[in-house]
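Q: Give me a model of this one.
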Amino acid sequence: QVQLVESGGGLVQAGGSLRLSCAASGRTFSRDTMGWFRQAPGKEREFVAAISWSSANILYTDSVKGRFTISRDNAKNTVYLRMNIVIPEDTAVYYCAASHGGPSVRRADYDYWGQGTQVTVSS
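A: Predicted coordinates:
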């Protein structure tokens, strides 16, 4: 059974940092693109960042560029999202996803999803 399990969410003050992790199991994801999406209350799920299997190609949504860093450790089947200088607008449930294709901002391009981890940024 394929599973993506996110961890590392929580409550953080504005300006602080947080690191999310996503551990994959059930199959090897070392050749898959991995992505992070987020969904704030009352809003649609939106793209945050994606990284190709080799880490050579990385995408970020504009609002997190320069603050967030996506990385992966294929030996551990894990992808990370380092969140620096967080702002209240970063408050959302963060989802990890895996795609058989290349990095994409489209939800429909991702084949597997985790259950999400809550990130709350206080002002």
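
Q: how about the strands in the chain?
A: When secondary structure is read from DSSP state E, the chain shows strands at 3-7, 10-13, 18-25, 33-39, 46-51, 58-60, 68-73, 78-83, 92-99, 112-113, 117-122.

Q: Tell me who's in contact with Ser99.
A: 32-35, 50, 109-111 (CB atoms under 8 Å, 6 or more residues apart in numbering). All C-beta atoms are positioned from the backbone trio N, CA, C, and that covers glycine.

Q: Quick check: closest non-adjacent residue to Gly116.
A: Take Gly116 and drop its neighbours on the chain: the residue closest to it by CB to CB, 6 or more residues apart in numbering is Val93, 4.1 Å away.

Q: Quick check, central residue of the protein?
A: Residue closest to the average C-alpha location in the chain (CA atoms, centre = their mean): Trp36, at 2.4 Å.

Q: picking up where we left off before, in CSV: the strands of the chain, plus mean pLDDT.
A: Converted to CSV, the strands of the chain look like this (pLDDT from 0 to 100):
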stretch, mean pLDDT
strand 3-7, 96
strand 10-13, 98
strand 18-25, 96
strand 33-39, 97
strand 46-51, 98
strand 58-60, 98
strand 68-73, 98
strand 78-83, 98
strand 92-99, 97
strand 112-113, 96
strand 117-122, 98
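
Q: and Val105, which of those strands is closest to it?
A: strand 46-51 (4.1 Å; CB to CB).

Q: thinking again about what came up before, settle this for me: the residue nearest to the centre of the chain is touching Ala92, isn't it.
A: No - if you go by CB atoms under 8 Å, Trp36 and Ala92 don't touch, sitting 10.4 Å apart.

Q: quick revisit: for ChimeraX, what selects the buried ones among the contacts of Ser99?
A: In ChimeraX syntax, the buried subset of the contacts of Ser99 is picked out as below (16 or more other CB atoms under 10 Å):
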select :32,33,34,35,50,109,110
